[in-house]
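Peer 1: One predicted model, sequence on top.
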Amino acid sequence: MDYFIRSSIEYFFFLYGIAIFIIYFSLVIFASKAIKKSKQKTTFLDVNYIKGSNDLPSISLVAPAYNEGKTIITNVKSLLSIQYPFYELIVVNDGSTDNSIEQLIKVFNLVESSDLRLSSKIKFEKVKTVYKSVEPKYANLTVVNKENGGRADAINCGIVYSKSSLVLCTDADCIIEQEALLKMVRPYIDETEKEVIACGGIIGLANDSIIKNGILKEVKLPKKMLPRIQVVEYIRAFLLGRMAWGHVNGLMLVSGAFGLYPRHRLIEVGGFDKDTIGEDLELCIRLRSHMEELKKPYEVVYIPEILCWTEAPPNFEIYKSQRDRWARGLWETMFKHKHLFFNRKYGKMGKFFFPYWVFFELSAPIIEFLGMLYIIYYIATDSINWPVAIALAIAVYLAGCIFSTIAILMYTKNYSHYAKPKMIVQLLVASYVESFYSHPVMLYAQLKGFFKKIFKIDTGWGTMTRDGFNEDDENKIV
């Protein structure tokens with residue numbers, strides 16, 4: 001019986017590992033096809049053509065802000081300088097306790113407006129004041145000052161105050177590329193057979209890059225190893241993950257830092273869920289479920305270019321808090337929508353895509369931890385086959401390095417941000433030390449997040465303290 005149990009456990013870990021390898025290999029193929037397809041579409045519908053069009057859909061940028069005093073002015077200026085003919089910017093001050101609102105009033109010459117709104121479909125905390133600028137150059141800026149309700153609550157408020165057909169949800173601490181909206185709107189113009197219900201772009205990390213007047217002037221790799229490893233994580237996740245899943249219309253997540261949605265669909269589903277930490281994942285799944293129930297063809301699209309820049313956690317304390325929060329958000333969303341699991345009513349999402357998230361996103365940290373306990377047990381009982389164990393460990397490590405290398409080379413070949421040979425080498429080095437440097441910390445944070453959900457320990461959003469943009473010191477983010 002002991003031999004049977006041991007063999008079953010070993011076969012399980014072996015088959016799980018093989019499944020992950022096959023999935024990642026498939027993602028590489030799908031991502032390659034997706035990039036090629038995206039470049040072909042770009043050729044026929046380039047930015048200059050879109051820029052000169054008079055029938056573009058209007059876009060509302062909704063940027064929630066909470067205690068962003070260090071960066072609020074720089075980032076609002078950045079958001080106001082975006083190249084797009086028909087857009088408005090709605091900054092929602094979510095009950096900040098710092099001087100964010102005072103800075104906005106002073107710098108943008110804001111005055112109170114009587115534009116107070118109520119919504120029966122989307123709920124949010126009480127709005128104190130709505131501000132508009134008296135300066136014509138800031139005519140498309142609206143600042144909503146409301147009581148604190150959290151990020152999702154603030155975005156919901158912005159959705160209600162928006163006047164456009166499309167709503168782009170971002171963060172006040174993000175820097176958006178100047179032509180980002182012109183690129184993001186392409187799928188909504190180009191797609192005729194399916195309705196695009198969400199569109200996202202790759203998020204870049206701008207630590208140590210050069211910023212001037214809210215515009216990214218020069219991309220540099222972070223000096224610290226932890227943020228540099230996160231650049232590799234983002235490239236791998238966005239390029240091999242979301243681009244590949246988007247190719248087969250299996251994308252279940254559009255980043256909350258940069259996602260474009262039809263406003264009427266957001267209102268139909270009630271906006272973002274204020275009770276879920278992973279509100280971006282939850283919204284995308286709810287939108288997909290809504291379209292499946294309506295039996296309407298739809299698509300979730302990803303743009304394979306860095307269109308939005310933000311700041312990575314610069315130290316392990318903030319990194320752990322972020323990954324803890326992501327893990328709790330994943331747990332909440334998977335259990336909230338457990339009715340989708342192998343549910344044929346919801347098409348491929350119910351039969352394939354949602355089960356994948358359960359088996360290989362939610363379960364992966366747990367299975368990795370159980371595998372470690374299994375190895376420790378056999379070391380303690382002196383029954384481990386060391387040559388086989390070492391060979392397997394090396395094989396797993398090399399497999400991870402191979403997929404990271406492929407992602408880095410695919411990105412640097414197709415896009416110019418990190419195309420310098422020195423940058424490529426630095427990214428490769430970061431990917432090779434990731435398993436020993438940051439991955440154990442990430443695993444600990446994920447398990448900690450799951451532990452909190454299992455035992456109903458509420459720690460809220462957590463902290464994400466940023467160093468901020470330092471434009472006085474050669475305009476660098478430090």
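Peer 2: Noted; the coordinates are in hand.
Peer 1: Validate this expectation: Ser404 resides in a helix.
Peer 2: Yes: the assignment for Ser404 (DSSP: H, G, I helix; E, B strand; the rest coil) places it in a helix.
Peer 1: how close does it get to Phe359?
Peer 2: 22 Å (C-beta to C-beta, to the nearest Å). Any C-beta I mention is one placed from the backbone N, CA and C, and that applies to glycine too.
Peer 1: Val441 too?
Peer 2: If you measure Val441 against Phe359 using C-beta to C-beta, the figure is 24 Å.
Peer 1: Equivalent analysis for Gln40, please.
Peer 2: The spacing between Gln40 and Phe359, counted by C-beta to C-beta, is 33 Å.
Peer 1: higher neighbour count, these two?
Peer 2: Phe359 (15 against 10; other C-beta atoms under 10 Å).
Peer 1: tell me the secondary structure for that one?
Peer 2: Recorded secondary structure, Phe359: helix (three-state DSSP).
Peer 1: mind listing the helices for the stretch 1-150 of the chain?
Peer 2: Per DSSP state H, counting those that start in this stretch, the stretch 1-150 of the chain carries helices over the ranges 2-44, 47-51, 72-80, 100-107.
Peer 1: Select, out of these, the one closest to Ile235.
Peer 2: helix 2-44 (10.9 Å; C-beta to C-beta).
Peer 1: Pick the most deeply packed of the helices of the stretch 1-150 of the chain.
Peer 2: Counting by mean count of other C-beta atoms under 10 Å, helix 72-80 has the highest mean neighbour count of the helices of the stretch 1-150 of the chain, with a mean of 22.
Peer 1: Can you name every helix or strand that that one contacts?
Peer 2: Helix 72-80 is packed against strand 59-65, strand 87-94, helix 100-107, strand 175-176, with contacts defined by 3 or more C-beta pairs under 8 Å, 6 or more residues apart in numbering; DSSP states H and E.
Peer 1: could you dump those to JSON lines with distance to Cys284?
Peer 2: Putting these into JSON lines (distance: least, C-beta to C-beta, whole Å) gives the following:
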{"stretch": "strand 59-65", "distance to Cys284": "16"}
{"stretch": "strand 87-94", "distance to Cys284": "21"}
{"stretch": "helix 100-107", "distance to Cys284": "29"}
{"stretch": "strand 175-176", "distance to Cys284": "20"}
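Peer 1: that older thread, got the helices of the stretch 1-150 of the chain as CSV, with mean pLDDT and distance to Val167 columns?
Peer 2: Converted to CSV, those look like this (pLDDT from 0 to 100; distance: least, C-beta to C-beta, whole Å):
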stretch, mean pLDDT, distance to Val167
helix 2-44, 86, 23
helix 47-51, 66, 19
helix 72-80, 88, 14
helix 100-107, 95, 21
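Peer 1: Adding distance to Lys163, write those out as a markdown table.
Peer 2: Conversion of the helices of the stretch 1-150 of the chain to a markdown table gives the following (distance: least, C-beta to C-beta, whole Å):
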| stretch | distance to Lys163 |
| --- | --- |
| helix 2-44 | 29 |
| helix 47-51 | 21 |
| helix 72-80 | 17 |
| helix 100-107 | 20 |
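Peer 1: What segments of the stretch 51-200 of the chain are strands?
Peer 2: Read by DSSP state E, counting those that start in this stretch, the stretch 51-200 of the chain holds these strands, from start to end of the chain: 59-65, 87-94, 110-113, 127-133, 141-146, 166-170, 175-176, 195-205.
Peer 1: Mind telling me which of the ones you listed the model trusts least?
Peer 2: The stretch with the lowest mean pLDDT among the strands of the stretch 51-200 of the chain is strand 175-176, which comes in at a mean of 88.
Peer 1: which residues are contacting it?
Peer 2: Applying C-beta atoms under 8 Å, 6 or more residues apart in numbering, the set of residues contacting strand 175-176 from outside is 61, 75, 78-79, 82, 170, 206, 211, 214-216, 258, 307-310.
Peer 1: 6 Å - rerun?
Peer 2: Identification of contacts with strand 175-176 by C-beta atoms under 6 Å, 6 or more residues apart in numbering yields 78, 82, 216, 308-309.
Peer 1: ok, now stretch 250-266?
Peer 2: Counting by C-beta under 6 Å, 6+ apart, 159, 165-171, 174, 184, 197-201, 203, 242, 245, 280-281, 284-285, 300, 308, 310, 353 sit against stretch 250-266.
Peer 1: which among the residues you listed end up buried?
Peer 2: If you count burial by 16 or more other C-beta atoms under 10 Å, the buried members of the contacts of stretch 250-266 come out as 159, 166-171, 174, 184, 197-201, 203, 242, 245, 280-281, 284-285, 300, 308, 310, 353.
Peer 1: Which one of the helices and strands packed on helix 72-80 lies nearest to Tyr432?
Peer 2: If we rank these by C-beta to C-beta, the stretch that ends up nearest is strand 175-176, at 29.2 Å.
Peer 1: The closest one pairs with which strands, and in what direction?
Peer 2: Counting by DSSP bridges, the strands paired with strand 175-176 are strand 298-310 (antiparallel).
Peer 1: Can you show me the CA trace of the partner strand as PDB?
Peer 2: This file holds the C-alpha atoms of strand 298-310, laid out as PDB (Å, rounded to 0.1, in the frame of the first residue of the first chain):
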ATOM      1  CA  TYR A 298     -17.400  38.400 -28.400                       C
ATOM      2  CA  GLU A 299     -13.600  38.800 -28.100                       C
ATOM      3  CA  VAL A 300     -11.100  39.900 -25.500                       C
ATOM      4  CA  VAL A 301      -8.000  41.400 -27.200                       C
ATOM      5  CA  TYR A 302      -4.500  42.100 -26.200                       C
ATOM      6  CA  ILE A 303      -2.100  44.600 -27.900                       C
ATOM      7  CA  PRO A 304       1.500  43.100 -27.900                       C
ATOM      8  CA  GLU A 305       3.200  46.400 -27.100                       C
ATOM      9  CA  ILE A 306       4.100  48.200 -23.900                       C
ATOM     10  CA  LEU A 307       1.500  51.000 -23.900                       C
ATOM     11  CA  CYS A 308       1.400  51.800 -20.200                       C
ATOM     12  CA  TRP A 309       4.300  52.200 -17.700                       C
ATOM     13  CA  THR A 310       4.200  51.900 -13.900                       C
END
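Peer 1: Give me the average confidence score over it.
Peer 2: Mean predicted confidence for strand 298-310 is 89.
Peer 1: What lies in contact with that strand?
Peer 2: With C-beta under 6 Å, 6+ apart as the contact definition, strand 298-310 has outside contacts at 35, 38, 174-177, 180, 183, 187, 194-204, 206, 216, 242-243, 246, 249, 251, 257-258, 291, 417.
Peer 1: Report the distance from it to the chain centre.
Peer 2: The gap between where strand 298-310 is centred and where its chain is centred comes out at 9 Å by C-alpha atoms, centre = their mean, to the nearest Å.
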